[in-house]
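# Sharing a sequence plus its predicted fold:
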Amino acid sequence: MDALLIAQGVSRFTAPALDYHALAPEIILTGVLVVVLVLDLFLDETQKYLLPTVAGTGVLLAFVPVLTLALTGDDLRPMFDGAYVSDNFALVLKGLFLLTGYVVILMSNRYIEEGDYHVGEYYFLLLSSLLGMVVMASSRDLITIFVALELLSIPAYLLAGWRKRDLKSNEASLKYYLLGVLASGVMLYGMSLVFGATGTTVLIRIQERLAEIEGGQLDNVVTVGIFFIIVGFAFKVSAVPFHFWAPDTYEGAPTPITAYLSVASKTAGFVALLQLVFVGFLGQPDVWRPLFWFLAAITMTVGNLIALRQTNIVRMLAYSSVAQAGYILVPFAVAGENAEALQSAQTAAIVYLIVYAAMNLGAFSVILAVARKTRSGEITSFGGLFQYAPGLTVVMSIFLFSLAGIPPVAGWFAKFVVFRAALDAGTTWSIVLAIIAGLNSVVALFYYSNIARQMWMMPVPDGDRTPIRVPAALGIALGLCVLVVALGVYPEPFARLGDLASLVP
């Protein structure tokens, strides 16, 4: 029988068509993390300094095919029967993830070696988690999304507890792991319900099947499934009331990993939500829109109010990142009201993710530089920073006021597109949510400006005005973040990227 099939030119087992150019970023990252693992086995302790260079170079090499794919002009490259897609959306987010990973590697250089950590395993786990995020950007299937999520999360659980002799670091890892596993279970249950109702895991087909069964007996099953999926991802993006792991995890993890979790891991969660909402569940706005409205309003408010009371700058930025998640959820809450709101909502979410990555990574880079001298994470330790580190003071002020949304730095444009998306929806509830977001922006200005006041106006707590020497790698990381934030003076590139990365036809 097989011989007959072969003679007729028919194969019983057809290998999937692979587009190696489209898969090049993933292939290069996989190769680099294997190289890092092998080098760690053979290099002696005096040569381990080469590992961050290899890891950083590999991430930049993985960025090259992202650029070449963008220049080919081929907007859509589907694989695996539509379960994995390389398009403008995937390319923009892959570029964001890779550059974020590169900045975190720059931040980790010297920090990990000085802390007497296992250098090779650290960069191996970091690259593995980064690979999961790159895969997430192209995932258009429930199974692929879940596998990508676990690939990025499991190494992050270990990285959060990298300071093995520190009880706070152990607590950070344990809380992140336990709540992460719970969120994964809830999300997987929701995915199984959606699959049971539609008979497929491919997002575009889920959209088609949901349109066919609308009004039928399976509506309740689909509603519960979508609810559990959103709740599971609400844990991942630290939305209230599922945020309680974030402050302790951020405080206990090594500072570069705190920056990584607050930016890259959160962004990956939002990327998955974008694909689920704007592709798979696009025709079900009555199910997800009220839930996102509630999550956005309560996340902004609770995050900002608790951040006001923090005395530790890492915990303050942890609650600030919770509040920032609330702003990013606003476009989800108003999408689906009309075609214009749908497009502007997606653009707003992507623009905010890009700007937020630069702002938060830059702020944590400054914290890392200052803590090398002060050995403290208290806000008061930033007192008089301008007197002995004027450059860091100016840069940190730029990041803080960008986070607050003050013109002309990029944060104002991120807030602007969020407000525009809410106003484009044009409903009473969307306008109320825009007002809540505006009031929360005013509240946030208080705790951001308090740090600026400490740096510019308060005396040095210990009287030590020894200048801070910023390592070259950390200086490059700061320069990249400042460059992105400074583009807020001319925000057209952000708007262009947001429009390009469209999932809505």
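Done, it's in. Residues are numbered from 1 along each chain as shown.
# packing partners for the longest helix along the chain?
Criterion DSSP state H: the longest helix present in the chain is helix 339-374. Helices and strands touching helix 339-374, as assessed by 3 or more CB pairs under 8 Å, 6 or more residues apart in numbering; DSSP states H and E, comprise helix 88-108, helix 255-260, helix 266-275, helix 313-334, helix 390-404, helix 411-425, helix 472-486, helix 492-500. In short, each C-beta sits where N, CA and C put it, glycine included.
# how about the spatially most central residue of the chain, what does it touch?
Nearest to the mean C-alpha position of the chain, by CA atoms, centre = their mean, lies residue 267 at 1.9 Å. Each residue near residue 267 by CB atoms under 8 Å, 6 or more residues apart in numbering is listed here: 93, 96, 97, 100, 133, 353, 356, 357.
# Need the helices and strands packed on helix 339-374 in TSV (columns: mean pLDDT).
Putting the helices and strands packed on helix 339-374 into TSV (pLDDT from 0 to 100) gives the following:
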stretch	mean pLDDT
helix 88-108	91
helix 255-260	87
helix 266-275	90
helix 313-334	91
helix 390-404	90
helix 411-425	88
helix 472-486	87
helix 492-500	80
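# want to throw those into a markdown table with distance to residue 19?
Below are the helices and strands packed on helix 339-374 laid out as a markdown table (distance: least, CB to CB, whole Å):
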| stretch | distance to residue 19 |
| --- | --- |
| helix 88-108 | 12 |
| helix 255-260 | 29 |
| helix 266-275 | 19 |
| helix 313-334 | 31 |
| helix 390-404 | 38 |
| helix 411-425 | 32 |
| helix 472-486 | 30 |
| helix 492-500 | 20 |
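# Out of those helices, which is closest to residue 195?
Judged by CB to CB, the one of those that comes nearest to residue 195 is helix 266-275, at 15.8 Å.
# Helix 339-374 and the closest one, what's the angle between them?
Orientation check (axes from the mean of the first three to the mean of the last three CA atoms, to 10 degrees): helix 266-275 against helix 339-374 gives 170 degrees.
# between helix 266-275 and helix 313-334, how big is the angle?
With the same axes, to 10 degrees as the basis, helix 266-275 and helix 313-334 are set at 10 degrees to each other.
# Downstream of helix 266-275, the next helix or strand is which one?
Once helix 266-275 ends, the next helix or strand along the chain (criterion: DSSP states H and E) is helix 285-307.
# all strands for the stretch 51-200 of the chain, in order.
According to DSSP state E, counting those that start in this stretch, the stretch 51-200 of the chain carries its strands in the segments 76-79, 84-87.
# quick one, which of those is nearest to residue 44?
Each of the strands of the stretch 51-200 of the chain has some distance to residue 44 by CB to CB; the shortest is strand 84-87, at 40.3 Å.
# tell me which strands and helices the closest one is in contact with?
Judged by 3+ CB pairs under 8 Å, 6+ apart, strand 84-87 is in contact with strand 76-79, helix 119-138.
# ok, now with 10 Å
With contacts taken as 3 or more CB pairs under 10 Å, 6 or more residues apart in numbering; DSSP states H and E, strand 84-87 sits against helix 24-42, helix 50-72, strand 76-79, helix 119-138, helix 142-160.
# quick one: average confidence on that strand?
Across strand 84-87, pLDDT averages out at 86.
# roughly how far out does it sit from the chain middle?
Mean-position distance between strand 84-87 and its chain equals 19 Å (CA atoms, centre = their mean, to the nearest Å).
# Which positions in it come out as buried?
84, 85, 86, 87 (16 or more other CB atoms under 10 Å).
# Return the member of these nearest to residue 53.
For these, the nearest to residue 53 is residue 86 (28.6 Å; CB to CB).
# Am I right that that closest one is in contact with residue 20?
No - the pair residue 86 / residue 20 is not scored as a contact, 11.1 Å apart, by CB atoms under 10 Å.
# Now for the closest residue to residue 465 other than its chain neighbours: which residues touch it?
Using CB to CB, 6 or more residues apart in numbering and skipping the chain neighbours, the partner closest in space to residue 465 is residue 388 (4.1 Å). Residue 388 makes contact with 373, 460, 464, 465, 466, 467, 468 under the criterion CB atoms under 10 Å, 6 or more residues apart in numbering.
# Any figure for the gap between residue 431 and residue 422?
Per CB to CB, to the nearest Å, residue 431 is found 7 Å from residue 422.
# The two: which is more packed in?
Per other CB atoms under 10 Å, whichever of residue 431 and residue 422 has more neighbours is residue 422, with 30 against 14.
# So the more buried one sits against residue 329, correct?
No - in this structure, residue 422 is not within contact of residue 329 by CB under 10 Å, at 11.4 Å.
# Quickly list what's touching both of the two.
296, 433, 437.
# The residue nearest to the centre of the chain and residue 482: what is the separation?
As judged by CB to CB, residue 267 and residue 482 stand 20 Å apart.
# got the phi/psi numbers for the residue nearest to residue 302 when sequence neighbours are not counted?
Spatially, and ignoring its direct neighbours in sequence, residue 302 is nearest to residue 240 (4.5 Å; CB to CB, 6+ apart). Note on residue 240: backbone dihedrals following degrees, to the nearest 10 are phi -70, psi 140.
# circling back: out of the strands of the stretch 51-200 of the chain, flag the one nearest residue 138.
strand 84-87 (5.2 Å).
# coming back round to it: okay if I get the contacts of residue 388 as CSV plus distance to residue 276?
CSV is the format used below for the contacts of residue 388 (distance: CB to CB, whole Å):
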residue, distance to residue 276
373, 44
460, 50
464, 51
465, 52
466, 51
467, 49
468, 44
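# Quick one, which of the residues you listed are buried?
Buried among the contacts of residue 388 by 16+ other CB under 10 Å: 373, 460, 468.
# Those residues into a markdown table, with extra columns for pLDDT and distance to residue 449?
Output for the buried ones among the contacts of residue 388, formatted as a markdown table (pLDDT from 0 to 100; distance: CB to CB, whole Å):
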| residue | pLDDT | distance to residue 449 |
| --- | --- | --- |
| 373 | 83 | 23 |
| 460 | 84 | 20 |
| 468 | 84 | 22 |
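# now, which of these sits nearest residue 28?
Nearest to residue 28 among those: residue 468, at 35.5 Å, using CB to CB.
# Using the three-state scheme, assign the closest one.
Put simply, residue 468 is coil when judged by DSSP: H, G, I helix; E, B strand; the rest coil.
# show me what contacts it?
366, 369, 370, 371, 372, 373, 374, 385, 388, 389, 391, 392 are the contacts of residue 468 under CB under 10 Å, 6+ apart.
# any idea what sits nearest the fifth one, other than its immediate chain neighbours?
The one in question is residue 372. residue 468 (7.0 Å).
# Likewise for the last one?
Residue nearest to residue 392 in three dimensions, not counting chain neighbours: residue 366, with 5.5 Å by CB to CB, 6+ apart.
# And stretch 255-270, end to end?
22 Å (CA to CA, to the nearest Å).
# Could you do stretch 423-433 as well?
10 Å.
# List the buried residues of that stretch.
424, 425, 429, 430, 433.
# How about residue 417: what's its closest non-neighbour residue?
residue 348 (4.1 Å).
# correction: residue 480
residue 103 (5.9 Å).
# residue contacts, that neighbour?
By CB under 10 Å, 6+ apart, the neighbours of residue 103 are 56, 59, 256, 259-260, 263-264, 357-358, 361-362, 364-365, 473-474, 476-478, 480-481, 484.
# same thing with residue 26?
In this structure, residue 26 makes contact with 62, 65, 84, 86, 94, 131, 134, 135, 137, 138, judged by CB under 10 Å, 6+ apart.
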